[in-house]
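*Asks:* kindly return the folded structure for what I paste below:
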Amino acid sequence: MVLIFLLWFPVLGERRHMARLTNLSERGLETRRLLRDVLLALAIEKGYDKVTISDITARAEIDRSTFYLHYKDKDELFEASRRAVIDEIIELRKQGTGPFPGIPLTFEHMAKNPALYLVILQTETGAADRGGFLEYLASSMEPILAKALEERRRSLPGGVSAVSRYLTGAFAGLARWWLESGVPEPPARVSTLFIELARGGLQSLVNNTGGQEPSNESRGEAR
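*Replies:* So this is what the prediction gives:
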């Protein structure tokens, strides 16, 4: 798992060609997981900007040609690493209960791994980096929000895209402040704050639109 660092896998042999891999074997998938874990661990240790590809390949005990089979550069690897963390957060919500099951579990995990999440939230790898990361997070939230609205036979003006992006920005902003401030509030309290703000805003929006039933377009988003 991306969130468990320093689980190194031995990489045997070398690739003969520099073409980018598309159909990955289990060994190839392990190599990618290894590279993601190594980069995040190094970024926590010395800061993302100071990490080089040589640092990554040395820690992972692979050669540069193997690295370039999987990723074109450090930035692409970092983006893959952050997206893998988001995917695991989405999986975490299955363990929770209540109307926003993933939020308390996510803040709890952040409290246990503050350095990891600070790297994820603070690091920018290019002009469009922050937008790309938040866009991926928002698109991951969309089907969850759409399904919740469909179950309650409610819809939002313009669908869930705008709302999911608003909630994503609010969540990322609150989480970053919380972590940069040294976690001044316990996870349960800050998650309750976000949930109440989100629930109040969504309820107000639904009430102001007359509690519409979901449109065919909204139903399609939830599938």
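*Asks:* now the most centrally placed residue in the chain, what's its secondary structure?
*Replies:* Nearest to the mean C-alpha position of the chain, by Cα atoms, centre = their mean, lies Ile86 at 2.2 Å. Per DSSP: H, G, I helix; E, B strand; the rest coil, the secondary structure class of Ile86 is helix.
*Asks:* how far away is it from Leu167?
*Replies:* Here the criterion is Cβ to Cβ, to the nearest Å. By it, Ile86 lies 14 Å from Leu167. Using the backbone N, CA and C atoms, a C-beta is placed for each residue, glycine as well.
*Asks:* just to revisit the earlier point, contact partners for the residue nearest to the centre of the chain?
*Replies:* Remark: with contacts taken as Cβ atoms under 8 Å, 6 or more residues apart in numbering, Ile86 is in contact with Tyr136, Leu137, Ser140.
*Asks:* output the below-cut-off pLDDT ranges for the chain.
*Replies:* 1-24, 96-99, 125-132, 157-158, 205-223 (pLDDT under 70).
*Asks:* how does it divide into domains?
*Replies:* 1-72, 98-222 (automatic domain parsing).
*Asks:* list the contacts for Ala80?
*Replies:* Arg32, Arg36, Tyr71.
*Asks:* need those residues in a markdown table (columns: neighbour count and distance to Val160).
*Replies:* Formatted as a markdown table, the contacts of Ala80 follow (neighbours: other Cβ atoms under 10 Å; distance: Cβ to Cβ, whole Å):
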| residue | neighbour count | distance to Val160 |
| --- | --- | --- |
| Arg32 | 19 | 31 |
| Arg36 | 22 | 29 |
| Tyr71 | 22 | 32 |
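*Asks:* redo those residues as JSON lines? Include secondary structure.
*Replies:* Output for those, formatted as JSON lines (three-state DSSP):
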{"residue": "Arg32", "secondary structure": "helix"}
{"residue": "Arg36", "secondary structure": "helix"}
{"residue": "Tyr71", "secondary structure": "coil"}
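*Asks:* picking up where we left off before, most neighbours among the contacts of Ile86, which one?
*Replies:* For these, the largest number of neighbours (other Cβ atoms under 10 Å) sits with Leu137, at 22 neighbours.
*Asks:* which residues are in contact with that one?
*Replies:* Neighbour list for Leu137: Ile86, Thr168, Ala172 [criterion: Cβ under 8 Å, 6+ apart].
*Asks:* count the residues that sit near Phe194.
*Replies:* 20.
*Asks:* quick one: it and Leu40, what's the gap?
*Replies:* On the measure of Cβ to Cβ, Phe194 and Leu40 end up 24 Å apart.
*Asks:* how near is Val183 to Phe194?
*Replies:* Distance from Val183 to Phe194, by Cβ to Cβ: 14 Å.
*Asks:* re the thing from before, closest one of the contacts of Ala80 to Ile103?
*Replies:* Arg36 (24.4 Å; Cβ to Cβ).
*Asks:* picking that back up, ok, the contacts of Ala80 vs Leu149, which is closest?
*Replies:* Using Cβ to Cβ, these come closest to Leu149 at Arg36, 33.2 Å.
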